[in-house]
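Novice: Sharing a model that was predicted from the sequence below.
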Amino acid sequence: MNIKSEELGRILDRERAQGQLSPLWIIVGEEPLLAMEAGDALRFTAKELGYSERVVLAMSSVSDWSPLLDAVSSVSLFDDKKIIELRFLSSGPGVKGAKVLAQFTELVPQIDSTVTVIHLTQTDYSTQKTTWFKNLAASGHVISCQPVSRAQYPAWIKERLRKQGQSMQEQALNFFAEQTEGNLMAAKQELMKLDLLYPGKELTLREVEDCVMNVSRYSIEDLLEAIAQADVARTTRTVNGMQSEDEPMPFVLMRVSSFLRDTLALTVDRQAPVMPSVRALAGQLARRSTPAKIANMLARCADLDRLAKGLTVQNKDDVWSELKTLCVFLAHAANRK
């Protein structure tokens, strides 16, 4: 059963009412805060239901995985219910680990007194197609802890405020979202601070400004999204943020260039073979630009690459300043006639 992180509370309420937790939970955690909170919620519920013994295992592809089977099959002298937490130290279990997991998935549903929680940092497409992952997913609940998108972020903040008996005026909410974008851990800390300072009230822009620091984190995905959505202010803010965080310029230019090549392909042929993960954003830019403009921007990326490598480029000297100009131009790109 696949569960979104925001659905976990409702599922646990149902299991709590039944007096027993399901035997297997897999936390797929690309967003650290949500993955941590999912683990905390499972541990808290397990404790409430009498799972008093806790075993923590950390395994990699070269580990001896037999302790996992021992932990599941061993019964406490006093018949205490047990929660086992397995943390992956690598992207996969390796050949031996996969064999042990196959035995584990057959064994764990038969033991009522044990709950196992498996923590996976992330699972890409190839991982999800492996036999060991499919077996785990078929035997337990997979909790997906994905990053909160820009569009979903204000609603995420509102829900957190609601739970602590607060709300924000629209301007305050927009300011808070800008200051904490991409950093849920810091956002949670700032919300806790606001709860202590102004309990049970609607927060004004002045109150939020006085309290909240700029703790945003910016990524290349944020930049491409801002460009595609023609958000000039966010594009400028994201480039500035990436510069202050010392993002490696070769990587940034590689991703921007790749994005522009996909966009160029879509300006020529809307059915061009582009990866699904970037098709939507590249399509947005393609619809309001032309092949000539995108080709020109690709040529400028090549100039920036030479500049980043210390080579001389006519009329260009600061690579970050030139990157900002390029990105703002793309975000400003007028609708095609």
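Specialist: Arrived safely, thanks for sending.
Novice: okay, CA-based contacts and neighbour counts for the rest of this
Specialist: Will do.
Novice: what about residue 25, neighbour count?
Specialist: 23 (other Cα atoms under 10 Å).
Novice: for residue 103, same thing?
Specialist: For residue 103, using other Cα under 10 Å, the count is 12.
Novice: all numbers from here: first residue = 38
Specialist: Happy to do that; since the first residue is 38 now, the last one works out to residue 140.
Novice: what's the distance between it and residue 312?
Specialist: Using Cα to Cα, to the nearest Å, residue 140 is found at 36 Å from residue 312.
Novice: what's near enough to touch residue 97?
Specialist: 125, 126, 127, 129, 130, 131 (Cα atoms under 8 Å, 6 or more residues apart in numbering).
Novice: repeat that with 6 Å
Specialist: Neighbour list for residue 97: 125, 126, 127, 130 [criterion: Cα atoms under 6 Å, 6 or more residues apart in numbering].
Novice: do the same with residue 309
Specialist: Residue 309 touches residue 303, counting by Cα under 6 Å, 6+ apart.
Novice: let's see 8 Å
Specialist: Residue 309 neighbours (Cα under 8 Å, 6+ apart): 302, 303.
Novice: Report the secondary structure state of it.
Specialist: Here residue 309 is recorded as coil under DSSP: H, G, I helix; E, B strand; the rest coil.
Novice: Next, it: phi, psi?
Specialist: Main-chain dihedrals, residue 309, degrees, to the nearest 10: phi -60, psi 150.
Novice: Now do it against residue 265, distance only.
Specialist: 18 Å.
Novice: next one: residue 195
Specialist: 26 Å.
Novice: Give me the below-cutoff pLDDT ranges for the stretch 38-187 of the chain.
Specialist: Residue ranges of the stretch 38-187 of the chain with pLDDT under 70: 112-116.
Novice: Spatially, what comes nearest to the residue nearest the centre of the chain if we skip its sequence neighbours?
Specialist: Centroid check for the chain by Cα atoms, centre = their mean gives residue 184 as the closest residue, at 2.8 Å. Closest residue to residue 184 apart from its sequence neighbours, by Cα to Cα, 6 or more residues apart in numbering: residue 68 at 5.0 Å.
Novice: Near that neighbour, how many residues? Count them for me, please.
Specialist: Using other Cα under 10 Å, residue 68 has 19 neighbouring residues.
Novice: show me the contacts for it.
Specialist: 182, 183, 184.
Novice: Going along the chain from the helix or strand that residue 82 is a member of, find the next helix or strand for me.
Specialist: Assigned by DSSP states H and E, residue 82 belongs to helix 69-85. Sequence order places strand 90-96 as the next helix or strand after helix 69-85, per DSSP H and E.
Novice: Just say helix, strand or coil for residue 237.
Specialist: coil.
Novice: And it, what's its pLDDT?
Specialist: Residue 237 is assigned 93 on the pLDDT scale.
Novice: pretty sure it is in contact with residue 200, am I right?
Specialist: No. Counting by Cα atoms under 8 Å, residue 237 sits too far from residue 200 to count as a contact (10.2 Å).
Novice: Give me the more crowded residue out of these two.
Specialist: For residue 237 versus residue 200, neighbours defined as other Cα under 10 Å are more numerous around residue 237 (15 against 9).
Novice: ok now do that one, which residues does it touch?
Specialist: Residue 237 neighbours (Cα under 8 Å, 6+ apart): 201, 202, 203.
Novice: Just the buried subset of the residues you listed, written out for ChimeraX, thanks.
Specialist: Per 16 or more other Cα atoms under 10 Å, the buried members of the contacts of residue 237 correspond to this ChimeraX selection:
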select :201,203
